[in-house]
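Colleague: here is a sequence together with a model predicted from it:
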Amino acid sequence: MEPEAKSPIFPRTSPAGGKALADVTASTASDVTAVVRRARAAQASWSEIPIEERVKTIAGLKHAILARAEEIATAIHDETGKPDAEALLGEVLASADVVTYWAGLVADELEPFEAEMDGLSYPKKSGWVYREARGVIALVMPWNFPFALPLRTIIPALMAGNAVVFKPSEVTPRTGKLIVSLFDGLVPEGVLGIVQGGGDVGAALIEDEIDSVVFTGSTATGKKVAHACAERLLPCTLELGGKDAAIVLADADLERAANGIVWGAMMNAGQNCGAVERVYVEKSVAAKLTEKIVAATKALRYGEDVGPLTTAAQKAIVVRHVDAAKAAGGEILAGGGDVEGAPLGYQPTVVSIDKDDAELVADETFGPVIPITPVEDGAEALRRANASRYGLTASIWTANIVEAEKLARRLKAGVVTINNHSFTGAIPSVPWGGVGESGWGFTGSPLALDHLTRPRLVIVDRNKAARETWWFPYSPTLKQMALAFATLRGGAKSFGERVSALFALLGLLPKRMGELKSGKPAAP
């Protein structure tokens, strides 16, 4: 048989200045199978290690991350183009916090607990619920946060006793390799494996002998992942796209709102599923807010505050959305074009537009663009925000916190912030996830453990009787007992009826015990 061909992964130059990057070879189908098999073998012994020891082992990752902070930030910058400050704050320091959080929590959260059972209905029985590792988790990750996003799943997954096979984006394979290198000497070989390549490698991984999938990426790809998992009845967690709305009410602090919206929209050059991608502002303050947003946007420094788009394909989407908005009557208030001398650079852009069916308003842009739409009031803003097929995050900007909380509960979004936006993904103690075409499942908070573990119930029965009350033979006596139980458990119309049912049950029990002893229904 001919050996499978190996090929380098593209791109091989940095989006930030064209620096040559080290070659990375794509994994073949047989490579994927070999990594999964090693993970399967390693997971069996890894899960047998007491959870306290696993946690203590992986807690050492925090020092490794912080000690190599500058190296990690540089690697992220080289592959994505994001500013060093963003890489350090949003990826390096945030990931160290993830280690601290889970190290202090996961053992307690996965402690076995006793199952509640009614002693009368289930005599001499006790049960315990154990939270057990799912096994081998396939982790398929995007390029926009290539360090932080994988680690927020890898850390709790490994602590819980799983093995992980990680496929980083083909755009950021070197950051992926760096992540795995941080675990060298910490965990046994095979517990954390890596495969490299594009969508074909991700598909091969999901089709291999894995037990669960955690995917972050586009909605289109997420639907394919969901379909593949459904075919095999594999559990999966999907964090997909977003078209997040910021609602600005008339009483908002416009200075703070403008600065927060610009940061929420432009951070990572807008390449963030939780970025502000729509602004609905009450008409009475629309002009003032727009003026402040435009000023704050024009003040951004390319290369310092905002980097390039990470890929040419992503830039093409941004250009198409802005050009179509302009053709549909939208007004470009800032930016709207290339950055001179930067092939992947795009100017931070503000567009005034009132067409919810325009691509710039309806579809995920994933770039440094803020569409602004004036509305009559909060009710119109809510209606238009909820009209999106996405539902990841949203924000409300107002001085009236009570009303904002009421509005928040009506927003179709997994995360709603009031007077801020798009920072909670870095907080490990809170859930992050969406609704609609933004996917399902959660990362962050103890809720994430539901996707990384499964419950196992173990029942111990110390009843030595030859038959249980509800076993064969069935009889009119058993039926009358069941009806008495129904009355006692809430079916009684009066207190007297409940008392009568209790006495009836006490009278039926000896008769039923006789039936169970003889193995025959009692005579009528």
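Modeller: Yep, that arrived. Numbering: from 1, shown residues only.
Colleague: alpha carbons only for contacts and neighbour counts from here, please
Modeller: Will do.
Colleague: which parts of the top helix by length along the chain are buried?
Modeller: For the chain, the longest helix by residue count, based on DSSP state H, is helix 495-518. Judged by neighbour count using 16 or more other CA atoms under 10 Å, the buried positions of helix 495-518 are Arg498, Ala501, Leu502, Ala504, Leu505, Leu508, Arg512, Glu515, Leu516.
Colleague: number of nearby residues for the nearest residue to the last one once chain neighbours are set aside?
Modeller: It refers to Leu516. In this structure, Leu516 finds its nearest non-sequential neighbour in Arg467, 6.0 Å apart by CA to CA, 6 or more residues apart in numbering. Neighbour count for Arg467, taken as other CA atoms under 10 Å: 15.
Colleague: before we move on, back to that, helices and strands around the longest helix of the chain, which ones?
Modeller: Packing contacts for helix 495-518, counted by 3 or more CA pairs under 8 Å, 6 or more residues apart in numbering; DSSP states H and E, involve helix 476-486.
Colleague: list of residues touching the helix it packs on?
Modeller: Under the contact criterion CA atoms under 8 Å, 6 or more residues apart in numbering, helix 476-486 has outside partners Trp470, Ala501, Leu502, Ala504, Leu505, Leu508, Leu509, Lys511, Arg512, Pro521, Ala522.
Colleague: over to stretch 322-336?
Modeller: So stretch 322-336 is in contact with 294, 297-298, 346-354, 358-360, going by CA under 8 Å, 6+ apart.
Colleague: what about that stretch, average pLDDT?
Modeller: Per-region confidence: stretch 322-336 scores 97 on mean pLDDT.
Colleague: circling back: pick the one among the contacts of stretch 322-336 closest to Ser445.
Modeller: Lowest distance from Ser445 to those (CA to CA) belongs to Leu360, with 32.5 Å.
Colleague: quick one, what contacts that closest one?
Modeller: By CA under 8 Å, 6+ apart, the contact list for Leu360 reads His321, Val322, Ala324, Ala325, Pro371.
Colleague: buried among the residues you listed? Make that a PyMOL selection.
Modeller: To isolate the buried members of the contacts of Leu360 in PyMOL, using 16+ other CA under 10 Å:
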select buried, resi 321+322+325+371
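Colleague: so which of the contacts of Leu360 are in strands?
Modeller: Using DSSP state E, the members of these that fall within strands are Pro371.
Colleague: I'd like the contacts of Leu360 as a markdown table, with distance to Val187 appended.
Modeller: Converted to a markdown table, these look like this (distance: CA to CA, whole Å):
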| residue | distance to Val187 |
| --- | --- |
| His321 | 46 |
| Val322 | 47 |
| Ala324 | 51 |
| Ala325 | 51 |
| Pro371 | 47 |
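Colleague: in the contacts of Leu360, find the pair that's most separated.
Modeller: Farthest apart among the contacts of Leu360 - using CA to CA - are Ala324 and Pro371, which lie 12.5 Å from each other.
Colleague: correct me if wrong: the residue nearest to Leu516 contacts Glu515.
Modeller: No: Arg467 is not in contact with Glu515 according to CA atoms under 8 Å; the separation is 9.8 Å.
Colleague: any low-confidence regions in this structure?
Modeller: 1-6, 10-11 (pLDDT under 70).
Colleague: wait, which of the contacts of helix 476-486 is closest to Ala379?
Modeller: Closest to Ala379, out of all of the contacts of helix 476-486 and judged by CA to CA, is Ala501, at 53.9 Å.
Colleague: for that closest one, give me its contacts.
Modeller: Ala501 touches Ala484, Phe485, Thr487, Leu488, counting by CA under 8 Å, 6+ apart.
Colleague: next one: Val214
Modeller: Ile137, Ala138, Leu139, Val140, Cys236, Thr237, Leu238.
Colleague: specify the local secondary structure of the first one.
Modeller: Right, the one you point to is Ile137. strand (DSSP: H, G, I helix; E, B strand; the rest coil).
Colleague: right, and it touches Glu209 too?
Modeller: No: the criterion here is CA under 8 Å, and Ile137 misses it with Glu209 at 9.7 Å.
Colleague: what are the bridge partners for the closest residue to Leu300 other than its chain neighbours, then?
Modeller: Nearest residue to Leu300, sequence neighbours excluded (CA to CA, 6+ apart): Val306, at 6.9 Å. Counting by DSSP bridges, Val306 is bridged to Tyr302.
Colleague: distance check, Glu304 against His77.
Modeller: 12 Å (CA to CA, to the nearest Å).
Colleague: overlap in contacts of those two?
Modeller: Contacts common to Glu304 and His77, judged by CA under 8 Å, 6+ apart, are Pro83.
Colleague: higher neighbour count, those two?
Modeller: Higher neighbour count among Glu304 and His77: His77, with 23 against 12, using other CA under 10 Å.
Colleague: what's the first helix or strand after the strand or helix carrying that one?
Modeller: Under the criterion of DSSP states H and E, His77 resides in helix 69-80. Once the chain leaves helix 69-80, the next helix or strand it forms, by DSSP H and E, is helix 84-87.
Colleague: just the buried residues of that next one, please?
Modeller: Asp84, Glu86, Ala87.
Colleague: list the contacts of Cys273.
Modeller: Neighbours of Cys273 in contact, by CA under 8 Å, 6+ apart: Leu240, Gly241, Gly242, Lys243, Asp244, Phe366, Leu392.
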